[in-house]
Structures are given as structure tokens and as C-alpha cells.
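Chemist: structure, please.
(chains A and B, ligands or ions: 1)
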Amino acid sequence: MEPFTIHTGVVAALDRANVDTDQIIPKQFLKRIERTGFGEFLFFDWRFLADGSPNPDFELNAPELADASILLARRNFGCGSSREHAPWALGDYGFRVVIAPTFADIFYSNCFQNGILPIRLEETDVDELFRRSEAGPSRLTVDLTTQTISDDSGFSRGFEIDAFRRRSLLEGLDAIGLTLQHAAAIDEWEQAHGVPQG
Amino acid sequence: MATPRSLLDKIWDQHVVCAPAGEQPLIYIDLHLVHEVTSPQAFEGLRLAGRKVRRPGKTFATPDHNVPTTDRSLPIADPISRQQIDTLRNNCREFGVRLFDLDDADQGIVHVIGPEMGLTQPGMTIVCGDSHTATHGALGALAFGIGTSEVEHVLATQTLRQSKPKSLELRVEGELAPGVTAKDLVLFLIGKISTEGGTGSVIEYTGPCIRRLSMEQRMTVCNMSIEGGARAGMIAPDATTFDYLRGRDFAPHNFDAAVAKWELLASDPGCHYDRTEVFNGADVVPQVTWGTNPAQVVGVDAVVPDPASLTTAADRDSATRALEYMGLAGGAKITDIPLDRVFIGSCTNSRIEDLREAARVVRGYRVASSISAMVVPGSGRVKRQAEAEGLDSIFREAGFDWREAGCSMCLGMNPDTLAVGERCASTSNRNFEGRQGKGGRTHLVSPSMAAAAAINGHFTDIRGWNYNG
Ligand code: SF4
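Modeler: Numbering: from 1, shown residues only, chains lettered A, B, ... in the order given. Down below sits the predicted model:
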């Protein structure tokens, strides 16, 4: 997994609450058996009109957001289906950070498996970031080493993150490899609980 | 005396493999259910790393999301769906995982077949790459949905990295009124706690109203925990649970010894919950969702809310957006909303009791001419049981389509979808934009409410229904 340390990028503001994973990546694209190539289908039903042309009213279609890599959203982002295709699509599209007041649990942990940093900020701080992006695209710098998020015009906040998840992202750890270092403990647990081999 | 522990505490404590300093604890997984949509990349990951499935005997697979519900003897028309199902078959063969394939008599929605075969048991930790895994918590298990990377992790190690979740007790006193079902209860609860009320938590449903529910009704309640934000929902096992499990295929051979152990799982009196909320079953009326998330719900006797009447700006915004998508206006009576389609099925409401409940409403009536209606049983077994009881004839004679088992129009990955603008009364669990088909409009209801809507062409308060026999 690609490590995450510090990232600076353009903020795309998506002013909606309860964005579910069905919107992030609609079901018709879940039939692929690969992990890659989902970016072109991100927010498909919002992004494109019935004739396949980009929907000019959809926030992310603004030309100045073409390079956006930080997604700003409202409460309960990523609710609904457990599909990891959602972070695959976000990552493939170019997002490395998602900022929202709250996230749904499964989406939140899926992000970490894919080098995407989900950041919970206070609702008032999220409001402030939305205000700052009203006039035009804003830029933010997200530093995981110091757990801070800042811009060039005076916004600076710390954020909380579980220490193990932070380390996993910083070092781009292979989760399975790390667990296999505890293989003896797993064997022991199985023996203690009479788990048959196989 | 030992500190009183909750059901969650007991299962958790038993399953912690190790908690190395600076890492999330590793918990052992007793049962891993696998389906075709969220597993291909996980098996591919194993292959690339040269890893095996650690405990194939604890891993069971079935295709459900993508499968056609029409004639199973025909090849699957959509080549990409077919490829995904073939991939599952090949992966199961290569890694030695037991598969209930498309032509297997036991195939069905993963959350229906687990309990019905007795794979799901009290005290277990159960995962599946699917958010409705919470269903299995109805039997007193800790069961939750995981992503595909975690599926790979469990396949390879039979464990998961997990910090202990918070506990949320939803206690329901009293009793449900006649005509009011478990589906109405859970929609009501989600309406109260909101779509994120359970985030970070495992819900334990307690109280006399929950105790009175049958096993299948408990599954309906736990199934929708995720719609309230909770990764898992659970109900302490009791006589209802043990009676349900006795004699099922995978139930323990020494059943009485198992029951003696399971009886110890119930939360101890006075145990700690991080939060408790108390409701009364008598306050629940039949529910209908009006918006695009399951918390946007009212009683059938109410009107669609006027966004302006909502308290927070965020609620007003999302209600306005939802009503625009749903083609509804604030103030409209729920019973005046006309429908085009009716779907009875999904892991929430496709079990035999659900079909009995709907058939009882339908008996002797015809589906309204404006409506196209279908029943999709949750599994091959449910289908055969319903046919043995003659429920299929009741549905067919009334004008319902009677289908093969699968997820079907719950998410419309197969050909069963809504067209743009079509309005559907559905017994499934998600009314998100486009969930049942792009531009489709979903109203979540109970099986009997869906059946009544099919007959009358619009929502009808089931409490006043005139049953034929
Ligand atoms: S029936 Fe619907 S919610 Fe249940 S597993 Fe299938 S797609 Fe998911």
C-alpha cells in the first residue's frame, strides 16, 4: 500500500449529508473482478446525464476541480453498503483525503486499507472549510505526521486518529503480513478452543 | 463477584487472540460467509501473495447478488455477471471453500441461508463482505460487515483487526399492536436514532417487546442495524433461539451441551452499556419511508413532512433534495401515494414468515391493474417451503410473479430493476437514490404493507385490512 505522510491538494466541496456508497459507486459497476479502474464510475449517476454527458450541475464537474484530491463532505459520509469499491473509486479518481464531520464505520476502515485518509473534523470547522471553498477552489495541506490540516490563509486544525491506523498509513503496512507475525498466537487460540484443522 | 458483562463483552473477551502494544487487537472469526461481489479481489490477493485460506471449514460461499431470478436452467445473459459467478466457483474450488452454487437446493441470500442451515450460532463471531451481516446477530452472535481487504485478511488469517466497539442498548418495552411488524419496529427505531445514531457501536436490542419476537422477526430487526449506523446488532439467545436451531444441518451434535453454554451468554443484570435508549412497542404504527434514507420515515397514517418544518438546516436540505428525487410534496398523505411496482424479498423480509404474512393479506385479492408485483424468496429452502404450503399459488393467482431466490430488486444488480421514475413499495432495507434502478423511487415497508399496496395500488393502513380467511 502506498504510504501517506503529507499531502497538499485542491479541495472539492460536496455539500451533501449521508452520501452513501451506492452513490459513490453504483451497483452496475460492482461486477468487475479487479480492484482498479473504478475512478471513471465514481459518483456515476450524479456525474453524468442520461445521454452520458457530464452533468454541469454536479459539484465535481467544475473544470477547476479536475485535479481535486481532497474531498470535503457532510455528516455520515460513506454510509450503506460495505463495498470497498467506494474507496477504490475515490482513490482511482485521485482522492487521497476525505474530510467530513462523521463517517460510516465500514467505509472509514476501508479507506485505511487503500491509502486514503478519512479525517473527522468538528462540524463548525467543516462549515468553515465549505465557506473557504465558496469563492473558488481552495487548497489544503494535510500532514499525518503532525496530525494537522492547514491552508495558506490561516486555517489550521489538529485531528484525531487511532495510533495504529496512523502508523499503518504512514508506513504503508501490509496488514496481513503484520498479522501473520502473530501466527503463534492464532495457533494457540485455536488449540485452546478446540478448533479443528481445515 | 465478577463484574457484570454484556453479551458483547462476553463474545468479545472470548475471541481476542492477542492485543499487542500499539496495535489494534486481533479477534478470532468463527464463521466467514462469502458472496460473489465482494470476494474476487480478496481471492486474487491471496493468489498473488501465495497464501491459502487458513480455515476453509469455517468459510462458506454462495452467489446471491447477481443471480437471475428467472429460469435457472438458462445461461446467465449478462456476460459480466456470469464471469463474477464463475470466478466465485473457481475460487471456491481452488481454495477448498464449500459453495452453495446456483444449482444447489440450498442456494440463497447469504444472510438467509446462514441461519436456516444452522451455520449461525450463538456466541460466534461472524463476518461477511456485506453490511447486512448484522442479521446473524439475531441469534446472539457478534456479526458484522467488512470490506474486501478485510475479507482477504480473514481468509488468510481467520482473524480481524478490530478495536472494541461501543455498546448501545435499545430497549423496547411493551408489545407491538396487531398488524405492526418487526420491520415497522426497526424502521421506527432508525427514525428515532437517525442513520448515524449507532455509528461506532454495536446495538443490543433488549426488553419484553424484543423477547416476544420470533427468530425470523429478530433477524429483520438486526438486519437493519446498519441503517442506524451500527455495524452490528444483537439479541441475547433464549428458548426462541435454541428451538429455532435444534435439528438444523450444522447445529452442534451435542445440542444440549451447546445450549447449556449458550444460556450463559445473555447480558448480566446491571452490565454496563455506553448508552441506553428506551422505547415502547405500543407507540409503533406501520411505517413507510418517504425519502432517500431509511430514517426518513413516518407512520402510514401521517403525511409526507414539509421540509420547512424540520429543525436543522441539514435535515431541511436533505429532505428537500429527497422529496425532489422522490417526486413528492410535503403535506401529501402517505395513503394517497400511487405505486407502480411492489417487491417482496431481500435479506430483511424474504423468509417463510414474511411470505406467510404477505400471502395472508393477498389471499382472495388481485393485484391492482396499475401494479407489477413480484415475490423473491430468500433461499431455495424458503421457496420450497412456501410452495409446500401453497403460498406460491396465492401469490400467482393474485397476479404476483413468483421467482427464484436471490437479492434481486433489493439492489438491482441482476435484470430486476426499476425504470426511471417508477415508484416501488419494497420490503428491502435501502431507499437510497437509484438503489433499485437509476431514477427509481423506493418506499420501504413491511411485507403485509407491501402486499396491501399491491392490491390497492397505493399505501393502505394494514391495521384496517379485510382478510379473506
Ligand atoms: S438482499 Fe439486498 S441488502 Fe441483502 S445482501 Fe442482498 S443486496 Fe444486500
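Chemist: burial count for B:Arg430?
Modeler: If you count neighbours by other CB atoms under 10 Å in any protein chain shown, B:Arg430 ends up with 27. Where C-beta positions appear, they are placed from N, C-alpha and C, glycine not excepted.
Chemist: show me what contacts it?
Modeler: Shown in contact with B:Arg430 (CB atoms under 8 Å, 6 or more residues apart in numbering or on different chains): A:20, A:22, A:80-81, B:227, B:294, B:410-411, B:442, B:444.
Chemist: now do B:Thr148
Modeler: Contact partners of B:Thr148, counting by CB under 8 Å, 6+ apart, are A:35, A:84, B:38-39, B:41-42, B:129.
Chemist: same deal with B:Asp392?
Modeler: Per CB under 8 Å, 6+ apart, neighbours of B:Asp392: B:383, B:386, B:402.
Chemist: what's the closest non-adjacent residue to the second one?
Modeler: Looking back up the chat, that one is B:Ala386. On the basis of CB to CB, 6 or more residues apart in numbering or on different chains, the spatially nearest residue to B:Ala386 that is not a chain neighbour turns out to be B:Leu355, at 5.0 Å.
Chemist: tell me which other helices or strands the helix or strand hosting that neighbour touches.
Modeler: Per DSSP states H and E: B:Leu355 is located in helix B:352-362. Judged by 3 or more CB pairs under 8 Å, 6 or more residues apart in numbering or on different chains; DSSP states H and E, the packing partners of helix B:352-362 are helix B:215-223, strand B:341-344, helix B:380-388, helix B:391-398, helix B:447-456.
Chemist: list the contacts of that helix.
Modeler: B:181, B:214, B:216-217, B:220, B:344, B:375, B:377, B:382, B:385-386, B:389, B:391, B:394-395, B:398, B:400, B:427, B:446-448, B:450-452, B:454-455, B:462, B:465, B:467.
Chemist: distance of the residue nearest to B:Ala386 relative to chain A?
Modeler: Per CB to the nearest CB, to the nearest Å, B:Leu355 is found 25 Å from chain A.
Chemist: among the contacts of B:Thr148, which ones are in helices?
Modeler: B:41-42 (DSSP state H).
Chemist: now stretch B:343-360: mean pLDDT?
Modeler: The average pLDDT for stretch B:343-360 rounds to 98.
Chemist: that stretch near the ligand at all?
Modeler: Yes: using CB under 6 Å from any ligand atom, we find that stretch B:343-360 touches the ligand at B:346-347.
Chemist: element containing the residue of the stretch 251-400 of chain B found nearest the ligand?
Modeler: Per CB to the nearest ligand atom, B:Cys347 is where the stretch 251-400 of chain B lies closest to the ligand, at 3.3 Å. Using DSSP H and E, B:Cys347 falls within no helix or strand.
Chemist: what's the burial count for it?
Modeler: As a burial measure, B:Cys347 scores 29 neighbours (other CB under 10 Å).
Chemist: which non-adjacent residue is nearest residue 85?
Modeler: Just going to use chain A. A:Ile25 (4.6 Å).
Chemist: meant chain B actually
Modeler: B:Pro63 (4.7 Å).
Chemist: tell me who's in contact with the one you found.
Modeler: Neighbours of B:Pro63 in contact, by CB under 8 Å, 6+ apart: B:35-36, B:84-85, B:88, B:101-102, B:107.
Chemist: with respect to chain A, which of those is nearest?
Modeler: Taking CB to the nearest CB as the measure, chain A sits nearest to B:Gln84 out of the contacts of B:Pro63, at 5.2 Å.
Chemist: let's test this: mean pLDDT of stretch A:113-122, rounded?
Modeler: Rounded mean pLDDT across stretch A:113-122 is 97.
Chemist: please report how far B:Thr70 lies from B:Ala77.
Modeler: B:Thr70 sits 9 Å away from B:Ala77, going by CB to CB, to the nearest Å.
Chemist: more crowded one of those two?
Modeler: Between B:Thr70 and B:Ala77, counting by other CB under 10 Å, B:Thr70 is the more crowded of the two (14 against 11).
Chemist: and the pLDDT for the more buried one?
Modeler: 90.
Chemist: strand partners (parallel or antiparallel) of the longest strand along chain A?
Modeler: For chain A, the strand with the greatest residue count under DSSP state E is strand A:6-13. According to DSSP bridges, strand A:6-13 forms sheet pairs with strand A:70-72 (parallel), strand A:139-143 (antiparallel).
Chemist: and among those, the most buried is which?
Modeler: strand A:70-72 (a mean of 26; mean count of other CB atoms under 10 Å in any protein chain shown).
Chemist: and the helix or strand just after it, what does it pack onto?
Modeler: Tracing the chain C-terminally past strand A:70-72 and defining elements by DSSP H and E, one meets helix A:85-93 next. Counting by 3+ CB pairs under 8 Å, 6+ apart, the packing neighbours recorded for helix A:85-93 are helix A:21-24, helix A:105-112.
Chemist: what does the model give residue 73 for pLDDT?
Modeler: Picking chain A for this. 97.
Chemist: can you look at chain B instead?
Modeler: For B:Ser73, pLDDT reads 80.
Chemist: one more: the one 4 residues further on?
Modeler: According to the model's per-residue confidence, B:Ala77 sits at a pLDDT of 85.
Chemist: sec struct for it, please.
Modeler: Following DSSP: H, G, I helix; E, B strand; the rest coil, we place B:Ala77 in the coil state.
Chemist: quick revisit: could you give the number of residues near the residue nearest to B:Ala386?
Modeler: 28.
Chemist: can you give me the buried ones in the longest strand that chain B contains?
Modeler: Scanning chain B for the strand with the most residues, using DSSP E, yields strand B:166-173. Neighbour counts using 16 or more other CB atoms under 10 Å in any protein chain shown place B:167-172 of strand B:166-173 among the buried residues.
Chemist: quick one, which of the strands paired with strand A:6-13 is nearest to B:Leu339?
Modeler: strand A:70-72 (36.0 Å; CB to CB).
Chemist: contact partners of that closest one?
Modeler: A:7, A:9-14, A:90, A:95-100, A:126, A:129-130, A:133, A:140, A:142.
Chemist: if we check the ligand, which of these are in contact?
Modeler: Okay, of the contacts of strand A:70-72, nothing touches the ligand (CB under 6 Å from any ligand atom).
Chemist: quickly note the distance from B:Gly179 to B:Pro286.
Modeler: The gap separating B:Gly179 from B:Pro286 is 6 Å, by CB to CB.
Chemist: overlap of the contact sets of those two?
Modeler: Common contacts of B:Gly179 and B:Pro286 (CB under 8 Å, 6+ apart): B:462-463.
Chemist: tell me how many other residues surround whichever residue of chain A sits closest to the ligand.
Modeler: Relative to the ligand, the nearest point of chain A is A:Ser81 (7.1 Å; CB to the nearest ligand atom). By other CB under 10 Å, 30 other residues sit near A:Ser81.
Chemist: need the contact list for it.
Modeler: The contact partners of A:Ser81, taken as CB under 8 Å, 6+ apart, are A:20-22, B:130-131, B:430.
Chemist: B:Ala266 now?
Modeler: B:7, B:140, B:236-238.
Chemist: which among the residues you listed end up buried?
Modeler: B:7, B:140, B:236-237.
Chemist: mind telling me what element A:Ile119 is part of?
Modeler: Assessed by DSSP H and E, A:Ile119 sits inside strand A:117-120.
Chemist: could you point out which element follows that strand?
Modeler: Criterion used, DSSP H and E; the element after strand A:117-120 is helix A:123-132.
Chemist: next, the angle strand A:6-13 makes with that next one.
Modeler: Helix A:123-132 runs at 80 degrees relative to strand A:6-13, counting by axes from the mean of the first three to the mean of the last three CA atoms, to 10 degrees.
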